[in-house]
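1. structural data only, the sequence is not supplied:
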C-alpha cells in the first residue's frame, strides 16, 4: 500500500492536525513511458505553508484532496519503457508526501548515492541549497569584503548562504534562535558573528556585530528582524527577499517593513527570488557546491525524522525552530 | 534687508506656524571669489519635511536657527572676483528660503532665462524634473510597451515621470487626488488612465486601469497606495521608491508595505533613489528635457505663490494637495 498525506482543509494560522489526513491507497502502476518511484525521504520546507493557502502566488495552491506537495528523493523500482530512468536509479523531484509516486520523469533528476547522502541531495544539493546559492550570488551579488547578514542562519537555506558568503570572502553574521544554534553557526560553520533573537535585542545586536552596517541582508524571516536589518543598511545595499517564516502563520495581515524608506536613504535594493527561475543552472551549482563539500569548505546538516505518520508534528518543527539544518522526513519503511 | 525663514523647532506631525520664524537681517557682502545673489523663486518640495527631522538620512538635517534649506533661482547682483559668474547672470542652486544669499558658487548653475521661465528651471529643469528623469529611466528601466503606474501624478515629479514614460512608448496610469487633477493628467498631459484616490477604491481602480498588471510603479506617496500597487505587480516588475509623502507627517511609525512579499512572488525589485547621485548627468538630462519641451512633448506646470512671509501656508499646500504641478514661492519684492 502507498501511505499518503492528503490535504483536507486550508488552515488559518498554524496548521492543526486535521489539516491533513493519512490515507493508504494501492501502489499505482506506471503507464507507458513512466516510472514507479519508492520514496525514501521527503523534504520539509517553510514554503509548504504558503502552498496550502488559496491565494495567487508563484505556484498553484495544493488542491483539497490532493497529495501534499513536497520535494523528495527515492529509487526507481519499476520502469515502463522510460527513456532516461532505469530500475535501481536514485532520483529526486517533486514526489509529494507519500511513499510511492508514478511520474513521466519531468523535473526529476538522477543522483549518485555514492557521492552524497540522500538527505543531502534534497538539502544542500537540492532546493534549499540552490536557493542559497542563486540568492546570495545572483540576487545578493556579494563581493569580497561585503558585510553579509542572514536570518534563519542555522536553517537549510541560511546556513548555506552564510557559508557561501564566507567562501567568497565576506564578513558573515547570522541570526538564529537559541544558544545552541548560535554556537553551531560560529563554531562549526565559521560565521564571524551570531545574534540570538530569542535572548537579545536584534537592533542592538546588529549594531554590535555589524558596526559599519550591512551590504547584503538575506531575509528568510520577515517581521521585526527585517525592520532591524533595514535600519542598518549601507549605501547601495541589497536585501534578498527569500522568505518570511515569521509571517506565514499570521491570521492577520503580513507586517510590512516600516523601515523600507531606508532603501531610499541608502539607494538600496530589495529584490524577491524564487529558486525555480534558476533551474537551467542547477547542475552547475550542484557541481560547484559538491566540490566545496568534498573540500570541507561547505558543511551540510540534515535533521532526519522518521515515519510518514509523523508528518504533521515534524512539519511544525519548521515554525517552532526545534530542528537544526535541513528538516527531512524518512518515509520508507524497512 | 534680507528676509529669511529660520528653523526654530523640530515639529511632530504637520509643521505648525512656529516651526519657523521670519527674520530680517542685513544683506550679506560677498567675500573674495564669492557672489551675492538676489533670489527670485524658492522651490517647495515634500523632501523639505524630512530635512527638519533630527534623524540620519541622505542629507544632514537643517540645524535649529539656520535658514531653511531649499532649492532656488535668482540673479547675481554683485560678484567679488568670482571665476564663473558675472553680475546679471541668472543662477540656480541651494539658496535656502531667503531673499539674498552669498555663495562661492559650488553646486550653482547658470541658466538662460530666454530659453525657459525661472520657475521651470527649478521645476521640470530642476530637481523635480531630474528626479523624474533618472528615477523612471535609470531605476525604473522602462521600455516600450511597459505598463507604468505613478502616484502623485499631477505633482512636480509625477507629472514628468508620466510624460517621459509616454514619450518612451509606455502605457501610463496616474494616481492623483480629485477630479481636476485627474482630468489634467489625462487631457492635458496625455496619460492613458487616471485614478482619483480621494473618490475611488485604489485597489479596484488599479485592476480596472491596469488589467494586465504593472511593470513599473513609481512611488511618491507610500502608505495604502504603495500596498495597492504591490498587489498588482507583473513578473520582474520594478518599484521606484522616490518618496512617501503620505508618511512624512506621521507621529507614529511609517506604515510598512504589507504586500512586500509580492516582490518574491513576482521576482520584483524595489529600489530607492536620491537625485543628487545623478548630478554629473544633470546637464545631459536638462538638454534632452528642454528639447522635449520645445517640441511640445513635455509640459511643465508651476503653481506660483508670492511673498516669503507666506512660506508656511504655501509649504502646507504640499501636503494638503492644494496645488497643481510644481509648487514655487516668489520671494523677490518688486
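-> Received it, and whenever you're ready, just let me know what you need. Fair warning: this is a prediction, and the values are worked out from it, not measured in the lab.
2. got the residues of the stretch 151-300 of chain A near chain B?
-> On the criterion C-beta under 8 Å from any C-beta of the partner chain, chain B has as its neighbours in the stretch 151-300 of chain A the residues A:222, A:227, A:241-244, A:247, A:253-274, A:277. Placement of C-beta: from N, CA and C, glycine included.
3. phi, psi of the closest residue to chain B within the stretch 101-250 of chain A?
-> The stretch 101-250 of chain A approaches chain B most closely through residue A:241 (4.9 Å), counting by C-beta to the nearest C-beta. Residue A:241 has phi and psi values of phi -100, psi 100 when expressed as degrees, to the nearest 10.
4. quick check: end-to-end length of stretch A:197-207?
-> The first and last residues of stretch A:197-207 sit 14 Å apart, counting by C-alpha to C-alpha, to the nearest Å.
5. all the helices of the stretch 101-250 of chain A, residue numbers only.
-> A:118-121, A:127-134, A:158-167, A:179-183, A:202-209, A:223-230 (DSSP state H, counting those that start in this stretch).
6. in a markdown table: those helices, plus mean neighbour count and mean pLDDT.
-> Putting these into a markdown table (neighbours: other C-beta atoms under 10 Å in any protein chain shown; pLDDT from 0 to 100) gives the following:
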| stretch | mean neighbour count | mean pLDDT |
| --- | --- | --- |
| helix A:118-121 | 24 | 96 |
| helix A:127-134 | 26 | 97 |
| helix A:158-167 | 27 | 98 |
| helix A:179-183 | 17 | 97 |
| helix A:202-209 | 17 | 98 |
| helix A:223-230 | 23 | 97 |
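7. of the residues of the stretch 151-300 of chain A next to chain B, buried ones?
-> A:222, A:227, A:241-244, A:247, A:254-274 (16 or more other C-beta atoms under 10 Å in any protein chain shown).
8. among these, which are in strands?
-> The subset of those located in strands under the criterion DSSP state E comprises A:241, A:269, A:270, A:271, A:272.
9. my guess is residue A:33 contacts residue A:79, does it?
-> No: with contacts defined as C-beta atoms under 8 Å, residue A:33 does not count as touching residue A:79, sitting 9.3 Å away.
10. and the two? Which one has more around it.
-> More neighbours surround residue A:79 than the other of residue A:33 and residue A:79, with 20 against 12 (other C-beta atoms under 10 Å in any protein chain shown).
11. ends of stretch A:176-189, what's the gap?
-> The distance separating the two terminal residues of stretch A:176-189, taken as C-alpha to C-alpha, comes to 13 Å.
12. what does stretch A:225-240 give?
-> End to end - C-alpha to C-alpha - stretch A:225-240 spans 13 Å.
13. for chain A, longest helix please?
-> When chain A is scanned for its longest helix (criterion: DSSP state H), the result is helix A:282-294.
14. can you list the buried residues in that helix?
-> A:282, A:285, A:286, A:289, A:290, A:292, A:293.
15. didn't the third one look like it was pressed against residue A:125?
-> Yes: with contacts counted by C-beta under 8 Å, residue A:286 reaches residue A:125, the gap being 5.1 Å.
16. is the residue of the stretch 101-250 of chain A closest to chain B bridged to anything, and to what?
-> residue A:219, residue A:272 (DSSP bridges).
17. ok, it touching residue B:265?
-> No: in this structure residue A:241 lies outside contact range of residue B:265 using C-beta under 8 Å: 9.9 Å.
18. overlap of the contact sets of those two?
-> Overlap between the contact sets of residue A:241 and residue B:265, as judged by C-beta atoms under 8 Å, 6 or more residues apart in numbering or on different chains, is given by residue A:272.
19. residue closest to the middle of chain A?
-> The centre of chain A sits closest to residue A:128, judged by C-alpha atoms, centre = their mean, with a distance of 3.7 Å.
20. which residue is the nearest non-sequential neighbour of residue A:46?
-> Leaving aside its chain neighbours, residue A:46 sits nearest to residue A:245 (4.7 Å; criterion: C-beta to C-beta, 6 or more residues apart in numbering or on different chains).
21. swap in residue A:52?
-> With C-beta to C-beta, 6+ apart as the criterion, residue A:52 has its nearest non-adjacent residue at 5.5 Å, and that residue is residue A:62.
22. could you check the pLDDT of the one you found?
-> Here, the pLDDT recorded for residue A:62 equals 97.
23. relative to residue A:326, how far out is it?
-> Counting by C-beta to C-beta, to the nearest Å, the gap between residue A:62 and residue A:326 amounts to 21 Å.
24. tell me which of those two has more neighbours.
-> With neighbours defined as other C-beta under 10 Å, residue A:62 and residue A:326 compare such that residue A:326 has more, 27 against 21.
25. okay but the more buried one is in contact with residue A:119, surely?
-> Yes: the pair residue A:326 and residue A:119 qualifies as a contact (C-beta under 8 Å) at a distance of 6.9 Å.
26. what do these two both touch?
-> Applying C-beta under 8 Å, 6+ apart, one finds that residue A:326 and residue A:119 are jointly contacted by residue A:302.
27. what does the longest helix of chain A contact?
-> When contacts are taken as C-beta under 8 Å, 6+ apart, the neighbours of helix A:282-294 outside the stretch itself are A:109, A:115-116, A:120, A:124-125, A:129-130, A:133-134, A:160, A:163, A:167, A:278, A:298-300.
28. next: stretch A:184-199.
-> Counting by C-beta under 8 Å, 6+ apart, the neighbours of stretch A:184-199 from elsewhere in the structure are A:151, A:153-154, A:159, A:162-163, A:166, A:171-179, A:181-183, A:202, A:205-206, A:209-210, A:225, A:299, A:324.
29. over it, what's the mean pLDDT, rounded is fine.
-> 98.
30. gap between that stretch and the chain center?
-> 19 Å (C-alpha atoms, centre = their mean, to the nearest Å).
31. how about residues contacting stretch A:7-17?
-> Stretch A:7-17 is touched from outside by A:18-21, A:49, A:52-54, A:62-68, A:249-251, A:312, A:315-316, A:319, with contacts defined as C-beta under 8 Å, 6+ apart.
32. can you tell me which residues contact residue A:36?
-> With C-beta under 8 Å, 6+ apart as the criterion, the residues that contact residue A:36 are A:27, A:28, A:29, A:30, A:76, A:77, A:78, A:79, A:100, A:101, A:102.
33. looking at these, which are in strands?
-> Among the contacts of residue A:36, the members falling in strands are A:76, A:77, A:78, A:79, A:100, A:101, A:102 (criterion: DSSP E).
34. is it true that the last one touches residue A:30?
-> Yes: applying C-beta under 8 Å, one finds residue A:102 in contact with residue A:30, separated by 4.9 Å.
35. if we can go back for a sec, so who does the residue of the stretch 101-250 of chain A closest to chain B touch?
-> If a contact means C-beta under 8 Å, 6+ apart, then residue A:241 has A:219, A:270, A:271, A:272, A:273, B:260, B:261, B:263, B:264 as its contacts.
36. can you put those residues in TSV and add pLDDT?
-> Supplementary listing: the contacts of residue A:241 in TSV, determined by pLDDT from 0 to 100:
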residue	pLDDT
A:219	98
A:270	98
A:271	98
A:272	98
A:273	97
B:260	97
B:261	96
B:263	97
B:264	96
